[in-house]
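J.: would you be able to build a 3D model of this:
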Amino acid sequence: MAGLSRYPLTLVLVMVVMTMSLGCRDKDVVTEAYATMAEARDAGAPGRGDLPQGLPEGVYELRTASDLNSGRRWGLFNFVPTDADTMRSVLAAEEFSLAGVACDIPGRIEWWPQLLRGQLNAEHAKAAGLQAYRSRQGGLIVVVNWKQGRAYYWKA
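T.: Below is the predicted model of the structure:
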């Protein structure tokens, strides 16, 4: 206790509050999973802005996460090869560089790939077959693996 007496009580209280607030960060993140686009639509996900606008009807295995406080959101979905043209219509025509881009997703969102966490490495993403775009609507970054038929998106 003698060592603590050197610090004013208010400083100690501030440190305790800061530590507690960091532990509560991202506690208002809500996650959802849908087997099909129809299921997501029935649950109201497109209307809440949880999904990119204009997704093909054939997308499946959708997962979303939304931070209720900040408006940040993340998601992923799979699509069939025949929906690639419709997918392209949702995206800006030119590729977007991930150089200098960060994706701040809560660690508890276990389905999000490590490659797309924190400060992103554009070369590693490209080597993994990922191509990045901006969405035409909604201000999302969308990263697509065209060969696997999988897309990841987020809004910071």
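J.: the spatially closest residue to Tyr34 that is not a sequence neighbour - how many residues pack around it?
T.: Of all residues not flanking Tyr34 in the chain, Ala40 sits nearest, at 3.9 Å (Cβ to Cβ, 6 or more residues apart in numbering). All C-beta spots, glycine's among them, are computed from the backbone N, C-alpha and C. By the criterion of other Cβ atoms under 10 Å, Ala40 has 23 neighbours.
J.: which pLDDT does the model give Ala40?
T.: Ala40 is assigned 96 on the pLDDT scale.
J.: which SS state does it fall under?
T.: Using DSSP: H, G, I helix; E, B strand; the rest coil, the structure places Ala40 in helix.
J.: so that it lines up with my notes, have the first residue be 22 from now on.
T.: I'll keep to 22 as the first residue from here, and by that count the last item is Ala61.
J.: ok, now how distant is it from Asn142?
T.: 31 Å (Cβ to Cβ, to the nearest Å).
J.: so Gln74 sits against Gly160, correct?
T.: No. Taking contacts as Cβ atoms under 8 Å, Gln74 lies outside contact range of Gly160: 10.9 Å.
J.: neighbour count winner among those two?
T.: Gln74 (12 against 8).
J.: the residue nearest to Tyr55: what's it in contact with?
T.: For Ala61, the contacting residues are Glu53, Tyr55, Pro67, Asp71, Leu72, Leu83, by Cβ atoms under 8 Å, 6 or more residues apart in numbering.
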